[in-house]
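Enquirer: what follows is a protein structure lacking sequence information:
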Ligand code: PLP
């Protein structure tokens, strides 16, 4: 008898976006012809930068020529891309990361989801609340949790985000072996200071724990004092893996390219307490289960760093951040407490009622769709997330409608 992995039965259904779609469809049925503006989307809306499109096309053309054709590429990614990343994202900012410590992949979702395979089944996993659900669900699938009850899985250490800590939780007093952190944060838009990240790095080093640092929104940081990489913190190269993505940085959500940094000094331990290189283990995993990102896509990603690429990428990010500024300004003016929107494309708004009630109110009165915070965890209740990924026209119209209806 073929048996299933029963951990999958513990998963709660991904109720959030299904429920949003259901409520929007109901609204449309009852209000035919009424305009709806979606401010809940976590996907980019602007086209790829021109430099990336051109590099992408050149890569495709090369593949069609006998001299330029390539078959399987290196599993870790082409050196031309890893070297650009090491130089532009790290060395030029005073962080010593080698091209060989970078693994190119087809997305941070896969990497943040797959990395837990390297660790034992009985480690203690710490996840933020509110949270990007991939961290939680992949550990549930792997059997590191007990059943779901009262909005949470048993067995995890939940790192509570709230207004008092600005949605930047401190290290727990007890044990946490594998720690997920995400800054700039989805969904709260919060960023951590160097001092706050240092507390985490110190904790991880003292407890021989590991930080998984999701920096998918790093490109949205505008404040120079905010760290863009966990490796800006002394000692982090022994205690942290960093995930980055071209998805939000350069509009690659549909093109797919990301990378994971695993410093060669980063270790995890066997039962006897002997250290093992995580770089070596991930290399083994990656080259066994993954055959690389396509050559044209890696050429398109390389273009983010060369020629007109950087200024075109900046222009797109500035566009979204101007949207974020408008949303933050308006919602603050309307009297709501907001987090994010300054160094992040998300604005996290304390709505003063339960988040689905506020969602329904915005939909029914203004025709605006947001994301209810409750979908990101128990601590998301009472908040909504608004995203800056939209056209200026839509953002301005939505804000006008919100103002008129509140
Ligand atoms: N990490 C966070 C925090 C995200 O919000 C997202 C996407 O929304 C991802 C990772 C996934 O990125 P990718 O498109 O590279 O898979």
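Expert: Perfect, I can see it now. None of these values were measured; they are calculated from a predicted model. Residues are numbered from 1 along each chain as shown.
Enquirer: where does pLDDT dip in the chain?
Expert: Regions of the chain meeting the criterion pLDDT under 70 are absent.
Enquirer: show me where the stretch 201-350 of the chain has strands.
Expert: Counting by DSSP state E, counting those that start in this stretch, the stretch 201-350 of the chain has strands at residues 210-214, 240-245, 258-261, 267-269, 275-277, 338-340, 346-350.
Enquirer: so how far is the ligand from residue 173?
Expert: Note on residue 173: its distance to the ligand, by Cβ to the nearest ligand atom, to the nearest Å, is 26 Å. (C-beta placed from N, C-alpha, C; glycine too.)
Enquirer: burial of that residue, as a residue count?
Expert: Residue 173: 6 surrounding residues under other Cβ atoms under 10 Å.
Enquirer: specify the local secondary structure of it.
Expert: Here residue 173 is coil, with the state taken from DSSP: H, G, I helix; E, B strand; the rest coil.
Enquirer: so what's the backbone phi/psi at it?
Expert: phi -80, psi -30 (degrees, to the nearest 10).
Enquirer: ends of stretch 344-364, how far apart?
Expert: 28 Å (Cα to Cα, to the nearest Å).
Enquirer: and what of stretch 91-101?
Expert: From start residue to end residue, stretch 91-101 stretches across 13 Å - Cα to Cα.
Enquirer: just how off-centre is that stretch within its chain?
Expert: 21 Å (Cα atoms, centre = their mean, to the nearest Å).
Enquirer: show me what counts as buried in that stretch.
Expert: 95, 97, 99, 101 (16 or more other Cβ atoms under 10 Å).
Enquirer: show me where this protein has helices.
Expert: 7-10, 15-30, 50-63, 79-85, 108-114, 134-141, 194-207, 246-250, 278-289, 295-302, 309-333, 355-361, 392-405 (DSSP state H).
Enquirer: name the residues of the chain found near the ligand, please.
Expert: When proximity is defined as Cβ under 6 Å from any ligand atom, the chain approaches the ligand at 42, 107-109, 112, 132, 182, 186, 214, 216, 245, 247, 253, 258.
Enquirer: farthest pair within those?
Expert: Spatial extent of the residues of the chain next to the ligand (Cβ to Cβ) is set by the pair 182 and 253 at 17.0 Å.
Enquirer: so which of those two has more stuff around it?
Expert: The neighbour count for residue 182 versus residue 253, taken as other Cβ under 10 Å, is higher for residue 182 (24 against 16).
Enquirer: hey, what's that one bridged with?
Expert: Judged by DSSP bridges, the bridge partners of residue 182 are residue 214.
Enquirer: isn't residue 152 up against residue 146?
Expert: No: contact criterion Cβ atoms under 8 Å: residue 152 and residue 146 do not qualify, at 9.8 Å.
Enquirer: of the two, which one has the most company?
Expert: Counted by other Cβ under 10 Å, residue 152 and residue 146 do not tie: residue 152 has more neighbours, with 17 against 13.
Enquirer: list the contacts for the more buried one?
Expert: For residue 152, the contact set (Cβ atoms under 8 Å, 6 or more residues apart in numbering) comprises 129, 158, 377, 378.
Enquirer: so what's it bridging to?
Expert: The partner residues for residue 152, given DSSP bridges, come to residue 149.
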